[in-house]
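> Need coordinates for the following:
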Amino acid sequence: MHSYLADVGISGVKVDVIHTLEYVSEDHGGRVQLAKAYYDGLNKSLQKNFAGSGLIASMEQCNDFFFLATKQVSMGRVGDDFWFQDPNGDPMGAFWLQGVHMIHCSYNSLWQGQFIQPDWDMFQSDHICAEFHAGSRAICGGPVYVSHKVGHHNFDLLRKLVLPDGTILRCQHYALPTRDCLFENPLFDAKTLLKIWNLNKFAGVVGVFNCQGAGWYPEEHRCRAYPQCYKSISADDVEWEQKDSTAVYRNTEQFAVYLHKSDNLTIVKSNEQINITLQPSSFELFTISPVHRLNERAKFAPIGLENMFNSGGSIECLEYASKGGLYNVKIKVKGTGKFLAYSSEKPREIILNGEDVEFDWSSNGILRFEVPWIGGGLSAVYISIY
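Below is the predicted model of the structure:
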């Protein structure tokens, strides 16, 4: 089967219900021998047909998998299935099951991320909570994929996740709960929002999700939702030290923080708190970009493509230079759309792919300009500031 798929151009597969090997042998024995034979065959098939690692494991949370399969399998699902509705018939399951999924994936990644690249599973872009899922997939650090009936894709939503060539703006780490969520209960304590952090090459990102009501109350035989929950966010929520290239940002004095859903850009100190209130099954994404001081007056911080959920993931290269009192910011951008940045001073000019480009700048430092699609290549941006 794998060789046939490879011959027709399929580059990878997803293997589900892997954990069944554990109980297939429950009544007959031979579990260890069966698991060794199975994973040996699977590993050899991956080497032969799918470049050694072209497989997503699913329902693999079992000891046999982590001991035997991770020699070749590098990616696995870290939560339950995406349930578009409650299989037991609860009409509210379309809402509360989505919060359960988020909690499973984020907290399970604390452990499973030490072995494999966490996968947050597919979702359906026409689901009532599709945007809720899309926000998490954008910053989870894993793959983005959907499963639909033909004609049911929400392309306006998918374009916030996927570029025209099918690639994504993938984070550099895998998403994890922030420290202040580790011993809280974002499912049904009536107060805690789920906060997850991740890293891009030159910025951090924090996603905040209201999953309350996703917990089952046995004494009431129902799930209970809450009208709103509160949380505070700061640049210190990002674990900058998890990548050597971003560790230096821990000492940054100021950050530019962009709230994607609110379309709001603000400048904060490193430990300054931003308070947020979210309704059930809603979310906000915070792109957190270090502010670089060019001189006594001029400061700059790129946010990225504001039309993408993971705005900061669009920045592939960032360099600062100065010559004769003129300061230059060099950025290489992946993708297309409206580029957003903070610039305390109005740029003298912006050159995009060798040509002058028009830009909008306001006295509060918000800078915007359009970046065209150039067939999957990186757009070169040069911003000159006195």
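
> Just the element for residue 135, please.
Per DSSP states H and E, residue 135 falls inside helix 130-139.

> Can you tell me how far the residue nearest the centre of the chain is from residue 169?
Residue closest to the average C-alpha location in the chain (C-alpha atoms, centre = their mean): residue 139, at 1.0 Å. From residue 139 over to residue 169 the distance is 9 Å, taken as C-beta to C-beta, to the nearest Å. Any C-beta I mention is one placed from the backbone N, CA and C, and that applies to glycine too.

> Report the set of residues contacting both of these two.
Jointly contacting residue 139 and residue 169 under the rule C-beta atoms under 8 Å, 6 or more residues apart in numbering are residue 310.

> just the helices in this protein please.
Using DSSP state H, the helices found in the chain span residues 2-7, 20-24, 31-49, 63-64, 93-112, 130-139, 155-158.

> low-confidence ranges in the stretch 151-300 of the chain?
Scanning the stretch 151-300 of the chain for pLDDT under 70 picks out 214-227.

> Nearest residue to residue 200 in space, please, no chain neighbours.
residue 312 (4.0 Å; C-beta to C-beta, 6 or more residues apart in numbering).

> Please look at the one you found and residue 286 and confirm they touch.
No: with contact defined as C-beta atoms under 8 Å, residue 312 does not count as touching residue 286 (10.1 Å).

> and residue 307, how far is that from residue 199?
If you measure residue 307 against residue 199 using C-beta to C-beta, the figure is 21 Å.

> Looking at the two, which one has more neighbours?
For the pair residue 307 and residue 199, the greater number of neighbours falls to residue 199 (27 against 17), based on other C-beta atoms under 10 Å.

> Bridged to the more buried one, which residues?
Taking DSSP bridges as the rule, residue 199 bridges to residue 204.

> Make sure it is actually in contact with residue 246.
Yes: applying C-beta under 8 Å, one finds residue 199 in contact with residue 246, separated by 5.5 Å.

> Could you tell me which residues touch both of these two?
172, 240.

> and the residue lying closest to residue 368 once chain neighbours are set aside, how many neighbours does it have?
Distance criterion C-beta to C-beta, 6+ apart; nearest residue to residue 368, sequence neighbours excluded, is residue 360 at 4.7 Å. Residues near residue 360, counting by other C-beta under 10 Å, number 10.

> what's the answer for residue 349, then?
If you count neighbours by other C-beta under 10 Å, residue 349 ends up with 11.

> gap between it and residue 355?
In terms of C-beta to C-beta, residue 349 sits 11 Å off from residue 355.

> Between the two, which contacts overlap?
Residues touching both residue 349 and residue 355 (C-beta under 8 Å, 6+ apart): none.

> What segments of the stretch 201-350 of the chain are strands?
204-209, 216-217, 222-223, 229-233, 254-259, 264-269, 274-278, 283-290, 292-293, 299-305, 315-323, 326-334, 337-343, 349-352 (DSSP state E, counting those that start in this stretch).

> Save these as CSV, and put in distance to residue 53 too.
Output for the strands of the stretch 201-350 of the chain, formatted as CSV (distance: least, C-beta to C-beta, whole Å):
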stretch, distance to residue 53
strand 204-209, 26
strand 216-217, 37
strand 222-223, 38
strand 229-233, 35
strand 254-259, 34
strand 264-269, 39
strand 274-278, 37
strand 283-290, 29
strand 292-293, 37
strand 299-305, 29
strand 315-323, 23
strand 326-334, 23
strand 337-343, 31
strand 349-352, 37
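
> of all those strands, which lies closest to residue 61?
Of all those, strand 216-217 sits nearest to residue 61, with 20.4 Å by C-beta to C-beta.

> ok so, going back, show me the contacts for the residue nearest to the centre of the chain.
The contact partners of residue 139, by C-beta under 8 Å, 6+ apart, come to 171, 175, 196, 198, 205, 207, 285, 309-310.

> okay, the closest residue to residue 358 other than its chain neighbours: pLDDT?
Nearest non-adjacent residue to residue 358, counting by C-beta to C-beta, 6+ apart: residue 369, 6.9 Å away. Looking at residue 369, its pLDDT is 98.

> and the gap between residue 369 and residue 305?
According to C-beta to C-beta, residue 369 stands 11 Å off from residue 305.

> Which one's more surrounded, those two?
Neighbour count, other C-beta under 10 Å: between residue 369 and residue 305, residue 305 has more, with 24 against 18.

> give the contact list for that one.
169, 311, 314, 333, 335-340, 371.

> For PyMOL, what selects the buried ones among the residues you listed?
Per 16 or more other C-beta atoms under 10 Å, the buried members of the contacts of residue 305 correspond to this PyMOL selection:
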select buried, resi 169+311+314+333+335+336+337+339+340+371
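
> can you redo the contacts of residue 305 as JSON lines with distance to residue 8?
Shown next, in JSON lines, are the contacts of residue 305 (distance: C-beta to C-beta, whole Å):
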{"residue": "169", "distance to residue 8": "29"}
{"residue": "311", "distance to residue 8": "37"}
{"residue": "314", "distance to residue 8": "33"}
{"residue": "333", "distance to residue 8": "35"}
{"residue": "335", "distance to residue 8": "30"}
{"residue": "336", "distance to residue 8": "31"}
{"residue": "337", "distance to residue 8": "34"}
{"residue": "338", "distance to residue 8": "39"}
{"residue": "339", "distance to residue 8": "39"}
{"residue": "340", "distance to residue 8": "42"}
{"residue": "371", "distance to residue 8": "36"}
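
> Among the contacts of residue 305, which one sits closest to residue 185?
Of those, the one sitting nearest to residue 185 (C-beta to C-beta) turns out to be residue 311, at 30.1 Å.

> Wait, residue 98 touches residue 129, no?
Yes: applying C-beta under 8 Å, one finds residue 98 in contact with residue 129, separated by 4.4 Å.

> These two: which has the busier surroundings?
The neighbour comparison of residue 98 against residue 129 (other C-beta under 10 Å) goes to residue 98, with 24 against 21.

> circling back to that earlier point, of all the strands of the stretch 201-350 of the chain, which lies closest to residue 180?
Closest approach to residue 180 among these (C-beta to C-beta): strand 229-233, 8.2 Å.

> so what does that closest one touch, helix or strand wise?
For strand 229-233, the elements it packs on are strand 204-209, strand 274-278, judged by 3 or more C-beta pairs under 8 Å, 6 or more residues apart in numbering; DSSP states H and E.
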